[in-house]
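**Q** everything below, folded, please.
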Amino acid sequence: MPRIDVNCDMGESFGRWILGDDRGMMPHLSSVNIATGYHAGDPPTIRRTVEAAVEHGLAIGAHVAFPDLMGFGRRRMTIPPGDVEDYCLYQIGALEAFVRAAGGRLAHVKPHGALYVMASDDPALAAAIARATAKVDASLPLVLLHRGAASAVEAEGVRLVPEGFPDLHYDRDAHLIIEPVKRAWDPGLVADRAVRMVLDGKVNAEDGTELDVEALSLCLHGDAPNGPEVAAAVRRALTANGIDVVPIAGLLSAEGGPR
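**A** Residues are numbered from 1 along each chain as shown. As a prediction, this is how the structure comes out:
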């Protein structure tokens, strides 16, 4: 039976500012990536989101980012890899404390925004995040866009997990086209794209170019106006096509664990 992880970035509210329907998304997921305070998320938000994820039995990942609250972590920054390693170690450790306090266990690490995009293409940045991850727990996989930085990540003893985005467009060079404000996507279209990514390893770019996509995890966005509706449609479509939805750890154990 084909298997896939379905994840969502969440815990990205701050103070009285609310972003995304986290609880509405959770029933349709297997994993969540929780903001760690650098691009969004304050301690009460982190605690509440972690507790809700544990309640729903979801795998919890640290959603690490550049220190960029004003830019929501989406602005590129020139930061030495050693500093990036320290930033990530700080964030992973903070989230792990909340997860342990809630009776859970940290399951993976996923960069956010500009750090995610840059690390997916820059082996030095990817290695810096992997080193921070390994210092906390080398069994934690690192989620990135593709396997381009796999050798650098795995040289640090960390497994790289490639990710697909059924509710975002890609350009013809397979780079993500980030929406400044997440728009509503047709749930049926997103569901069809998700199934095709899993079964065929394909997705059409915005200009129609057919791209190869290797993904062990699919990311959906809870800040879309109809995020929970989209997530529910994706989960139904995956199940209807005989695709089992499991956390990343279940996928990697079937493949023999971290390389």
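
**Q** surely Asp167 touches Leu220?
**A** Yes: contact criterion C-beta atoms under 8 Å: Asp167 and Leu220 qualify, at 5.8 Å. The way it works is simple: take the backbone N, C-alpha and C, and place the C-beta from them, glycine included.

**Q** now list whatever residues contact both of those two.
**A** Val190, Val230 (C-beta atoms under 8 Å, 6 or more residues apart in numbering).

**Q** and the gap between Pro111 and Ala134?
**A** 15 Å (C-beta to C-beta, to the nearest Å).

**Q** same question but for His169, I mixed them up
**A** Applying C-beta to C-beta to His169 and Ala134 gives a distance of 33 Å.

**Q** same question for Leu168.
**A** In terms of C-beta to C-beta, Leu168 sits 29 Å off from Ala134.

**Q** one more: Arg105?
**A** Distance from Arg105 to Ala134, by C-beta to C-beta: 17 Å.

**Q** between those two, which one's more packed in?
**A** Ala134 (18 against 14; other C-beta atoms under 10 Å).

**Q** give me every residue that touches the closest residue to His56 other than its chain neighbours.
**A** Nearest residue to His56, sequence neighbours excluded (C-beta to C-beta, 6 or more residues apart in numbering): Met26, at 4.4 Å. Met26 is in contact with Val32, Ala52, Ala53, His56, Leu58, counting by C-beta under 8 Å, 6+ apart.

**Q** between these, which sits nearest Met77?
**A** Val32 (25.1 Å; C-beta to C-beta).

**Q** chain center to the longest strand seen in the chain, what's the gap?
**A** Of all segments of type strand in the chain, defined using DSSP state E, the longest is strand 3-10. Offset of strand 3-10 from its chain centre (C-alpha atoms, centre = their mean, to the nearest Å): 7 Å.

**Q** quick check, pLDDT for Asp212.
**A** pLDDT for Asp212: 96.

**Q** can you check Gly256 too?
**A** 54.

**Q** repeat for Gly157
**A** 97.

**Q** before we move on, what about the one 3 residues further on?
**A** On the pLDDT scale, Leu160 is placed at 96.

**Q** partner residues bridging it?
**A** Leu142 (DSSP bridges).

**Q** okay, it and Gly20: tell me how far apart.
**A** 26 Å.

**Q** correct me, but Ala191 touches Ala240?
**A** No: the criterion here is C-beta under 8 Å, and Ala191 misses it with Ala240 at 9.1 Å.

**Q** higher neighbour count, the two?
**A** Higher neighbour count among Ala191 and Ala240: Ala191, with 24 against 10, using other C-beta under 10 Å.

**Q** and the more buried one, what does it touch?
**A** Contacts of Ala191 by C-beta under 8 Å, 6+ apart are Pro166, Val230, Ala233, Val234, Arg236, Ala237, Leu238.

**Q** count of neighbours near the closest residue to it other than its chain neighbours?
**A** Excluding the flanking residues, the one nearest Ala191 by C-beta to C-beta, 6+ apart is Ala237, at 3.7 Å. Using other C-beta under 10 Å, Ala237 is surrounded by 20 other residues.
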